[in-house]
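J.: mind folding the following:
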Amino acid sequence: MKKSSEQNSSSLMNKIKLFFTSLTEQEKGHLLLYIAVTACIVLIRVRLLSTPFERDEGEYAYIGQTLLHGGTLFKDAYTMKLPGTSIMYAVWMLLFGETVEGIHLGLLITNIISAFLIIVLVKKWGGTLINGLVASIVFYMMSLSQGIYGFAAHATHFVTLYVVLALILFEIAIERASLARYLVAGIVFGIALSMKQQGALFLLLPIIFIVQERSADKSKWSAAIIKIFVTLFGASIPSILLAFYISSIGSFDKFYFWVVQYSSAYGARVGPIVGSLIFLNTLAFIMEKSAFFWVSAFMGLIYACSRWQTKFAKRSIIFLGVGFLVASLGFYFRNHYFVVLIPALAMLVSMFIDYMQSKISQKGIGKHGAVIILAVMVVASFAFEVNYYFLDSPNQVVDSVYGKLNVFTKSKHIAEFIKMNTNPEDKIEVLGSEPQIYFYSNRRAASGHIYMYGLMEHQEYAQVMQQELISDIMRERPKYIVFSTEVSSWMITPESDMTLWDWYKESCTPNYEVVSLGVLDRDTLTHFIYGDDIAKNKASVMVLISKRIDY
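T.: Next up, the predicted model:
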């Protein structure tokens, strides 16, 4: 057995040596830079593993945690998002523990796999190994940037992973002319959709590519239509299975309301004009953090348009266009929505590097001019965000992005207090959009309403949702209520229905005693006070922790 193991190890080493010796000098230079950047990205992400959860992460983590402990989708927590990302969180927690570090380790692995798959996809699309290595390096840098909140495990990272994998499988299906492979590729597209509904728009890619292939080889339309049907049918399978499962556990009504009805109302709130302003503002912030790569991608786009006849250029431009549609859906343009654009942008940067190398070669400057340019861009990018990458603590990273007036960095403290003063079966309620507190405390919410945004929005379901939350609290009588006064935790507007706030002050507060206050100092949540100090407090209050009197 030992001899066999040694032979396998020796065979692997020989294959690696053979691969490396087969590379050109330019390819070796780019490969070494790829290895160096991968190592740096891993070290930085390891440094940031303990970065506190923000709201989206808290939501996914809490739902994933409830699933691991026998909870039920769309009963224990209401969300307009499909459960794919929460299931991914559950997988990472199962492997690495129910901690912030475990989830962010899962993000690190997702990032590494995505970067490698981009190399494979570039090769499938007719690009060179250098194109693939450059695209992968750029993907690493842009997907970690503070501009797109790269430290946080948002759904868009998982959408990107499965879309790139699906595109690889789709290209294999084209090569092998196999309907079974089209089906498999479609299923993976469907998994990407389950991570975030907007991922459904990526199904435009196989449709466009199949039509292009038919035009190129002049095959019958019937064959193309069959391929499209099989791919789309495959994409529908995860959603069909999910619908059957939701029905079997008796949650279909809630599922339909949140994913279809409320989601539609939410998506219609922002119009194109306001959306355009949000887009420009968000893009400016993102480009400020990684300007070198954005400018290079723009130059690469111009160069790619001049080479439209090539498969790599054509596929990359279309990928970018569809990715922009995905990021634009609803016109909210949150920073992390732009993650889905990064693979295509990275491919365009690789074409810009191609162009630069051709110009350098013409001038006879040297073989490694392009890799040096890329290395300078990488080093400059690290230097531009040096505090984020190397100096700031995980708490400082969150404060620098979301402002010091947030509950994220103090949520663990709140949760630890609750955990110490409750039993596992006790329920709590957070009045505010801070679902990470449920996760940290490992306590169930008294109501499925773990976000307050929908209740404060000017939309037709707000009043019904508020009444449902009030009924849940009255029925479940949570042992503790955490009330956040932080603005971003509610998003109250002049048009918001304040029934819930009025009820809390008039009917709920008499049944609860304030046992802790989170107070502000210079617009920062600095500390918590307890006992007799509560009555003496004169500082502004950001968090109130109350215990039910009859417990």
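J.: so how far is Phe292 from the residue nearest the centre of the chain?
T.: With distances taken as Cα atoms, centre = their mean, His154 lies nearest the centre of the chain, 2.0 Å away. Counting by Cβ to Cβ, to the nearest Å, the gap from His154 to Phe292 is 23 Å. C-beta: built from backbone N, CA, C; applies to glycine.
J.: show me the helices in the stretch 101-250 of the chain, by range?
T.: Taking DSSP state H, counting those that start in this stretch, the helices of the stretch 101-250 of the chain run over residues 129-144, 155-176, 179-195, 204-217, 221-248.
J.: tell me the most buried of the ones you listed?
T.: helix 129-144 (a mean of 27; mean count of other Cβ atoms under 10 Å).
J.: got any ranges where the stretch 251-400 of the chain has weak pLDDT?
T.: For the stretch 251-400 of the chain, applying pLDDT under 70 flags the ranges 363-366.
J.: and the helices in it?
T.: Counting by DSSP H, counting those that start in this stretch, the stretch 251-400 of the chain has helices at residues 252-256, 263-267, 272-289, 291-306, 311-328, 342-362, 369-384, 386, 394-402.
J.: buried residues in the longest one, which are they?
T.: What that stands for is helix 342-362. For helix 342-362, a neighbour-count test (16 or more other Cβ atoms under 10 Å) marks 342-357, 360 as buried.
J.: quick one, phi/psi of Pro424?
T.: According to degrees, to the nearest 10, the main-chain angles of Pro424 amount to phi -50, psi -30.
J.: quick check: next helix or strand after the helix or strand of the chain with the lowest mean pLDDT?
T.: Lowest mean confidence among the helices and strands of the chain (mean pLDDT, DSSP states H and E): helix 2-21, at a mean of 69. Using DSSP states H and E, the helix or strand that directly follows helix 2-21 along the chain is helix 25-47.
J.: any idea of the angle the next helix or strand along the chain from that following helix forms with helix 394-402?
T.: Next helix or strand after helix 25-47 toward the C-terminus (DSSP H and E): helix 55-68. Helix 55-68 runs at 120 degrees relative to helix 394-402, counting by axes from the mean of the first three to the mean of the last three Cα atoms, to 10 degrees.
J.: just the angle for helix 55-68 relative to helix 155-176, thanks.
T.: Using the same axes, to 10 degrees: helix 55-68 against helix 155-176 is 70 degrees.
J.: tell me what helix 55-68 is packed against?
T.: Packing partners of helix 55-68 (3 or more Cβ pairs under 8 Å, 6 or more residues apart in numbering; DSSP states H and E): helix 84-96, helix 436-441.
J.: list the contacts of Phe96.
T.: Gly102, Ile103, Leu105, Gly106 (Cβ atoms under 8 Å, 6 or more residues apart in numbering).
J.: ok, now Val120?
T.: Val120 sits next to Gly132, Ile168 when contact means Cβ under 8 Å, 6+ apart.
J.: do the same with the one 4 residues further on
T.: With contact set as Cβ under 8 Å, 6+ apart, Lys124 has these partners: Leu167, Ile168, Glu171, Ile172.
J.: what would these look like in a markdown table with distance to Tyr140 and pLDDT?
T.: Below are the contacts of Lys124 laid out as a markdown table (distance: Cβ to Cβ, whole Å; pLDDT from 0 to 100):
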| residue | distance to Tyr140 | pLDDT |
| --- | --- | --- |
| Leu167 | 19 | 98 |
| Ile168 | 18 | 98 |
| Glu171 | 23 | 96 |
| Ile172 | 25 | 96 |
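J.: can you show me the strands along the stretch 451-551 of the chain?
T.: 480-484, 512-520, 525-530, 541-548 (DSSP state E, counting those that start in this stretch).
J.: out of those strands, deepest packed?
T.: Highest mean neighbour count of those: strand 480-484, a mean of 24 (counted as mean count of other Cβ under 10 Å).
J.: partners of that strand in the sheet?
T.: Using DSSP bridges, the strands paired with strand 480-484 are strand 427-431 (parallel), strand 541-548 (antiparallel).
J.: closest to Phe285 out of those?
T.: Comparison of these against Phe285 by Cβ to Cβ identifies strand 541-548 as nearest, at 25.3 Å.
J.: just the angle between that closest one and strand 525-530, please?
T.: 30 degrees.
J.: and the contacts of strand 541-548?
T.: Contact with strand 541-548 is made by 405, 407, 410, 414, 417-418, 421, 477-486, 509, 511-520, 525, 528, as judged by Cβ under 8 Å, 6+ apart.
J.: and if you look at stretch 244-259?
T.: Stretch 244-259 has contacts (Cβ under 8 Å, 6+ apart) with 72-75, 78-82, 197, 243, 448, 461.
J.: what helix or strand is Ser433 located in?
T.: Applying DSSP H and E, one finds Ser433 in no helix or strand.
J.: go ahead and confirm it touches Tyr62.
T.: No - counting by Cβ atoms under 8 Å, Ser433 does not reach Tyr62; the two are 11.9 Å apart.
J.: shared neighbours, these two?
T.: Ile450.
J.: more neighbours, those two?
T.: Tyr62 (29 against 25; other Cβ atoms under 10 Å).
J.: contact partners for that one?
T.: Contact analysis of Tyr62 by Cβ under 8 Å, 6+ apart lists Ala77, Pro435, Gln436, Tyr438, Phe439, Ala445, Ile450.
J.: can I get those residues in CSV including pLDDT and distance to Phe324?
T.: Formatted as CSV, these follow (pLDDT from 0 to 100; distance: Cβ to Cβ, whole Å):
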residue, pLDDT, distance to Phe324
Ala77, 95, 31
Pro435, 96, 30
Gln436, 97, 31
Tyr438, 97, 35
Phe439, 97, 33
Ala445, 97, 36
Ile450, 96, 31
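J.: returning to what we had before: which of the helices of the stretch 101-250 of the chain sits closest to Ile302?
T.: Closest among these, once you apply Cβ to Cβ, is helix 129-144, at 16.7 Å.
J.: give me the helices and strands touching that closest one, please.
T.: helix 25-47, helix 100-124, helix 291-306, helix 342-362, helix 369-384.
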